[in-house]
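>>> what's the 3D shape of this:
(one chain, ligands or ions: 1)
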Amino acid sequence: MATESKPVVLSGIQPSGRLTLGNYLGALKNWVKLNEQFTCYYMLVDMHAITVRQDPAVLRDRCYEFLALYIACGLDPASNVLFVQSHVPAHARLAWVLNCYTQMGELSRMTQFKDKSQKNTDNINAGLFSYPVLMAADILLYQAGAVPVGEDQKQHLELTRDVAMRFNNLYGSPERPVFTVPEPMIPPVGARIMSLQEPTKKMSKSDAAETNAVYLLDDPDVITRKIKRAVTDMDNSVRYAPTEKPGVSNLMSILAATTGQSFDSIVTQYDGQGYGKFKAACAEAVVECLRPVQARYHEVRDDLDGLRRILRDGAEQASLRADATLKHVHEVLGFIPE
Ligand code: TYM
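Now for the predicted structure:
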């Protein structure tokens with residue numbers, strides 16, 4: 001395992017739905033590059049997932065599937081701490097404390113809460129409302145200086161920073177803050193991949209419409225079909241203009257993020273030739289980018305004992321760091337030491 005003297009990054013994904021190209025380009029792909037420079041903690045946030053009803057057997061299976069995909073995407077358990085949130089009790093314990101330092105008004109402004117409560121009108125539970133507090137606890141427990149996420153998590157990160165600074169002002173000192181105030185780490189391209197059929201809406205792993213997303217485990221011919229049928233527009237020009245041309249701009253982001261090509265070079269290569277060649281290149285780039293992930297996935301997923309071992313080790317390592325923060329928090333609050 002990497003040494004603790006390096007700065008820490010932490011991130012997580014909710015085990016809900018199926019992992020999409022958006023999760024890959026906005027998050028996972030970028031996580032893989034970080035372990036030389038940082039000590040990396042990556043979780044499956046199963047406690048967040050139950051803010052929406054889950055089938056227990058499906059949830060369990062999906063956690064293993066997502067873990068296998070983390071590894072297949074290149075996260076080596078020998079150099080990254082991979083764990084499940086519910087295995088580290090400090091998350092729930094710090095979340096309670098931070099609930100007492102977060103205002104109702106702050107939480108009611110969160111766009112994810114507004115979206116999800118509109119979609120689940122029969123289950124607007126308190127967990128859904130205080131979700132960002134648990135997320136703040138996830139991050140602050142590890143004293144993470146940076147949090148690699150897609151753009152949709154920026155608002156939650158801002159709240160985390162506000163809560164951390166509030167707590168530090170009350171209980172810390174400039175020499176010894178209780179929490180590291182984290183910075184979001186958002187990739188320059190791929191931070192907001194849009195739905196293929198409704199490109200003004202984010203690509204989402206829990207979208208009911210199959211053709212809106214590329215899933216990491218989609219067959220190559222399915223990927224190709226989805227991308228070739230992606231909604232574009234009538235003007236036949238390849239240029240980046242997200243408001244005016246959301247479909248084409250989204251495909252440009254996908255091509256740029258999967259190949260490393262700049263927008264300018266994409267325009268030079270494909271503008272003025274209709275969308276056929278451009279879409280074919282985009283489909284091929286996605287298929288090639290996911291090929292090694294898919295090849296590795298089944299081998300990893302079949303080794304259930306191996307996956308369980310990784311989670312046990314991960315929870316043990318994560319707990320060491322998380323418990324130290326929680327202990328300090330309890331101390332500054334005046335709780336009697338355990
Ligand atoms: P979640 O599970 O919705 O998404 C996981 C990661 O994928 C990114 N992402 C996208 N990036 C680009 N384009 C998209 N269409 C797209 N969709 C999703 C997200 O930004 C995220 O980085 N609340 C978080 C999970 C969480 C967390 C944390 C993250 C809980 N605790 C602590 C970081 C640190 C969430 O629901 O992500």
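>>> what's the pLDDT at residue 304?
Note on residue 304: pLDDT of 97.
>>> now residue 157, nearest residue through space, not along the chain?
For residue 157, ignoring the flanking residues on the chain, the nearest one in space by Cβ to Cβ, 6 or more residues apart in numbering is residue 184 at 4.3 Å. Where you see a C-beta, it was placed from the backbone N, CA and C, and this is true even at glycine.
>>> list the contacts of that neighbour.
If you count contacts by Cβ atoms under 8 Å, 6 or more residues apart in numbering, residue 184 has them with 146-147, 149, 153-154, 157.
>>> for residue 6, same thing?
37-39.
>>> now these: which count as buried?
Neighbour counting with 16 or more other Cβ atoms under 10 Å marks 38-39 as buried within these.
>>> tell me which of the contacts of residue 6 is nearest to residue 262?
residue 37 (24.3 Å; Cβ to Cβ).
>>> hmm, who's touching stretch 129-136?
Counting by Cβ under 8 Å, 6+ apart, 45, 47-48, 51, 91-92, 95, 98-99, 102, 107-108, 110, 112-113, 127, 156, 159-160, 163-164 sit against stretch 129-136.
>>> and whichever residue of the stretch 101-250 of the chain sits closest to the ligand, how far is that from residue 101?
Closest approach between the stretch 101-250 of the chain and the ligand, counting by Cβ to the nearest ligand atom: residue 150, at 2.5 Å. With the distance defined as Cβ to Cβ, to the nearest Å, residue 150 ends up 26 Å from residue 101.
>>> of the contacts of residue 184, grab the buried ones for PyMOL.
In PyMOL, this line selects whichever of these come out buried by 16+ other Cβ under 10 Å:
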select buried, resi 146+147+149+153+157
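>>> just the ones in helices from the contacts of residue 184, please.
Using DSSP state H, the members of these that fall in helices are 154, 157.
>>> and which of the contacts of residue 184 is nearest residue 65?
residue 149 (20.8 Å).
>>> just checking, the closest one touches residue 23?
No - contact criterion Cβ atoms under 8 Å: residue 149 and residue 23 do not qualify, at 10.3 Å.
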